[in-house]
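Colleague: Need coordinates for the following:
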Amino acid sequence: MMVWKKPGFRFLLISIFWFSISFLQADAQENKTYQSLQHALFSGSQLTGGSGPKNVQWLNNEDRYSYTEQNLKHFAPEIRIYNITTGEDSLLFHPAEHIFPHTSMPFHFEDYQWSKDESSILFKTNTTYQNSTSWEYPLSGSADYYHFDLTSEEITFVAHSAFNARLSPDGKKVGYHKNGEMFIHDIESGTKIQLTNSSEEYLYNGRIGLVYEDAFKLTQAWQWSHDSRYIAYWQTDEREVNQLRLANYEGLYTEYNTLSYPKPGTSNPTVKIGVLDVETRENQWIDLDGKNGLIPRTYWTANPGELAVVWMNREQTEMKLYFYDVNSQEKRLIMEEKSDDGWIDIFSLFSDAKNYLFFPSDRNEFFRMSDRNGFNHIYRYDYDGNIVNQVTEGDWEVTQILSINTETETIYYESTEAGSLERHLYSISFGGTDKVRYTNSPGKHTFNMSPGGNYYFDKWSNTETPHRIELKTTQNGGKLIETFVSSKAVESYIEEYAYQPRELFNFTTEYGVELDGYLIRPHNFDPDKSYPLVLMVYGGTGPSGSFQ
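Modeller: Now for the predicted structure:
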């Protein structure tokens with residue numbers, strides 16, 4: 001049996017169900033049964049009811065957001081703007097009205113990024129993972145990038161086959177990685193400037209390898225400073241990492257790829273953190289042990305030219321946080337933590353929490369999620385590493401921070417306070433008072449929240465309610481504004497077929513570990529009969545498959 005040994009966690013490690021595909025209680029005598037197991041397995045699309053607005057990005061005043069919608073006539077996404085206050089839904093970008101520069105091909109895109117002042121958009125298109133590095137970089141991939149000026153409605157080319165292009169905060173430049181080096185594209189002049197020039201085989205500037213991309217879910221290996229003056233970046237050296245040879249048998253002839261793969265006891269990639277001055281082209285290296293340790297995160301603080309860098313030992317049982325001043329080139333140790341009975345988390349595999357450290361751009365303090373006392377909670381620190389106060393506390397977990405509003409000194413967060421199998425939205429003051437709960441329907445809720453915490457999309461479901469997607473405001477205790485996906489279509493489908501609900505339960509193992517599970521009985525269940533029992537256990541890589 002697989003047991004999670006870290007304190008304060010209860011996870012669903014095994015799911016128990018009878019050989020029946022079912023969802024809600026129904027009269028089996030009147031409803032249809034599935035024609036086959038395949039029919040049952042592929043009926044999942046009938047139980048979702050829709051996905052709601054896609055690729056939502058909140059705009060500056062928070063009462064508007066942009067989203068993409070598939071244009072059925074042109075089979076390409078278009079960008080629309082929705083005004084929550086007025087209910088107006090307007091078209092911003094139509095694919096049929098634009099072409100790729102210097103071609104007659106209709107323009108299309110896969111993702112988009114607003115400039116901070118909302119005057120332009122950076123488009124990402126033609127993403128590909130089918131190249132020689134696809135084995136080493138399974139999450140990022142390369143793409144082509146184009147800039148769109150909303151005033152002139154002109155589309156200009158930025159870069160081909162680049163990685164992680166990002167607009168600078170002032171909207172004047174685009175930074176990106178390509179061919180082992182860091183570049184910037186000046187939007188006004190259209191010129192390309194190469195900032196680094198030291199890459200070679202297995203040595204990259206502004207790029208990470210498999211260890212960081214897979215283990216830390218880190219795909220972008222560089223960051224703009226708040227004032228657009230500096231770029232902090234990782235230099236990854238895999239020259240001493242052993243190569244793993246992989247075979248692809250799909251084609252007529254076998255193809256072979258190599259992968260820089262450090263097995264236990266062998267050399268990890270060596271990483272260094274550099275800081276580039278975009279104006280002078282000067283480079284600084286921060287003195288940290290990236291050969292024997294790991295550098296999984298960096299953050300720009302509220303002070304101009306000050307970078308926060310997280311260092312960990314290879315076992316991830318020790319963490320140090322440093323502040324580095326670009327102007328004085330001084331490094332300060334802000335905090336240090338060691339764990340004797342488990343590793344230290346700096347992000348979560350079990351939620352969308354990609355960071356456990358948060359540095360507001362207008363406050364000389366930061367927040368950290370930590371399970372230092374047995375349960376994952378929020379702590380508030382000053383810039384000398386002193387704990388100002390513990391923000392949340394209790395025998396439950398904060399699963400992620402959704403928004404930090406420095407004007408009202410309010411943190412919006414998701415937690416398990418209502419139960420280990422549920423997720424709900426709360427807010428609390430920086431000082432740990434005035435806690436408010438916004439979601440009351442039992443079940444698991446996931447959120448897309450506006451930066452200031454005024455509005456949020458709530459996607460939720462439970463064993464009796466198919467998933468719903470609702471737009472709400474935190475004003476008036478979580479007032480409903482609009483329902484995008486309801487359960488009516490799903491309920492109609494359920495009325496046609498025979499379903500059984502998931503029955504939740506928990507039990508204690510012979511090792512004294514309490515686990516949660518669910519049971520699905522076959523339709524027309526007869527308690528006097530015997531049925532085959534199927535145990536569904538995830539045995540692959542990842543959180544559950546990793547612990548044997």
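Colleague: wait, what's in contact with residue 222?
Modeller: By CB atoms under 8 Å, 6 or more residues apart in numbering, the residues touching residue 222 are 164, 175, 177, 182, 206, 231-234. Yep, even glycine has a C-beta here, placed from its N, CA and C like the rest.
Colleague: If we use 7 Å, what do you get?
Modeller: 175, 177, 182, 206, 231-234 (CB atoms under 7 Å, 6 or more residues apart in numbering).
Colleague: Mind checking which of these are in strands?
Modeller: 175, 177, 182, 231-234 (DSSP state E).
Colleague: show me the contacts for residue 150.
Modeller: Going by CB under 7 Å, 6+ apart, residue 150 touches 119-120.
Colleague: Any figure for the gap between it and residue 482?
Modeller: According to CB to CB, to the nearest Å, residue 150 and residue 482 sit 26 Å apart.
Colleague: what do you get for residue 324?
Modeller: Counting by CB to CB, the gap from residue 324 to residue 482 is 46 Å.
Colleague: Look up how far residue 230 lies from residue 168.
Modeller: Taking CB to CB as the measure, residue 168 falls 10 Å from residue 230.
Colleague: wait, I meant residue 482
Modeller: From residue 482 to residue 230 the distance is 41 Å (CB to CB).
Colleague: quick one, which of the two is more surrounded?
Modeller: Shown here are residue 482 and residue 230; by other CB atoms under 10 Å, residue 230 has more neighbours (23 against 12).
Colleague: so what's that one closest to, chain neighbours aside?
Modeller: In space, residue 230 comes closest to residue 275 once its chain neighbours are excluded; the distance is 5.5 Å by CB to CB, 6 or more residues apart in numbering.
Colleague: Quick one, grab the pLDDT at the one you found.
Modeller: pLDDT recorded at residue 275 is 98.
Colleague: what about it, neighbour count?
Modeller: Neighbours around residue 275, by other CB under 10 Å: 21.
Colleague: can you confirm residue 86 is in a strand?
Modeller: No: secondary structure of residue 86 (DSSP: H, G, I helix; E, B strand; the rest coil): coil, not part of a strand.
Colleague: how much space between it and residue 64?
Modeller: Residue 86 is 9 Å from residue 64, by CB to CB.
Colleague: same deal with residue 306?
Modeller: Shown here: residue 306 relative to residue 64, a distance of 33 Å by CB to CB.
Colleague: ok, now residue 514?
Modeller: In terms of CB to CB, residue 514 sits 46 Å off from residue 64.
Colleague: Now do stretch 417-432: distance to the chain's middle.
Modeller: Relative to its chain's centre, stretch 417-432 lies at 20 Å (CA atoms, centre = their mean, to the nearest Å).
Colleague: Any chance you could list what contacts it?
Modeller: Contacts of stretch 417-432 (CB under 7 Å, 6+ apart): 10, 380, 389-392, 394, 396, 399, 409-416, 434-439, 442-447, 453, 456, 474, 504, 516.
Colleague: in it, what's buried?
Modeller: Across stretch 417-432, burial judged by 16 or more other CB atoms under 10 Å covers 417-418, 420-428, 430, 432.
Colleague: what's the first-to-last distance across that stretch?
Modeller: Start-to-end span of stretch 417-432 (CA to CA, to the nearest Å) is 15 Å.
Colleague: Now do that stretch, average pLDDT.
Modeller: On average, stretch 417-432 scores 96.
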